[in-house]
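J.: how would this look folded up:
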Amino acid sequence: MDYDKVQIVERKNFVTVMKPWSAFTAVDINNDNELETTEMERLFWMVEGKRPLISRLQHDMKEIDEDGSGTISRNEWLMYRVTPD
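T.: Next up, the predicted model:
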């Protein structure tokens with residue numbers, strides 16, 4: 001078998017996951033794998049290129065925070081970004 005030609009994950013799927021993964025890592029200042037509101041504000045700003053409105057940020061925090069912890073975990077963020085609407 002020629003392992004140089006084996007593709008385990010399609011490039012499109014890899015990029016779909018790694019872009020939000022990298023963005024999360026960039027704003028997780030304390031490296032706890034949880035984002036608080038201020039970190040989420042930076043994340044949306046970085047991903048979308050503009051500062052989010054506070055009302056939108058509060059709404060999206062509630063929507064993304066599936067376990068109700070008040071913070072966004074890496075898995076919650078990835079599911080939010082990679083799951084089709």
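J.: could you pull out the helices for this structure?
T.: Using DSSP state H, the helices found in the chain span residues 11-27, 37-48, 54-64, 74-82.
J.: now those as TSV including mean pLDDT and mean neighbour count?
T.: (Each C-beta comes from the backbone N, C-alpha and C, glycine too.) Compiled in TSV, the helices of the chain are given as follows (pLDDT from 0 to 100; neighbours: other C-beta atoms under 10 Å):
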stretch	mean pLDDT	mean neighbour count
helix 11-27	90	13
helix 37-48	92	16
helix 54-64	95	13
helix 74-82	92	16
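J.: burial measure for the closest residue to residue 79 other than its chain neighbours, as a count.
T.: Once flanking residues are discounted, residue 79 sits nearest to residue 66: 7.6 Å by C-beta to C-beta, 6 or more residues apart in numbering. When neighbours are counted by other C-beta atoms under 10 Å, residue 66 registers 13.
J.: so residue 66 makes contact with residue 76?
T.: Yes - checked against C-beta atoms under 8 Å, the pair residue 66 and residue 76 is within contact range at 5.5 Å.
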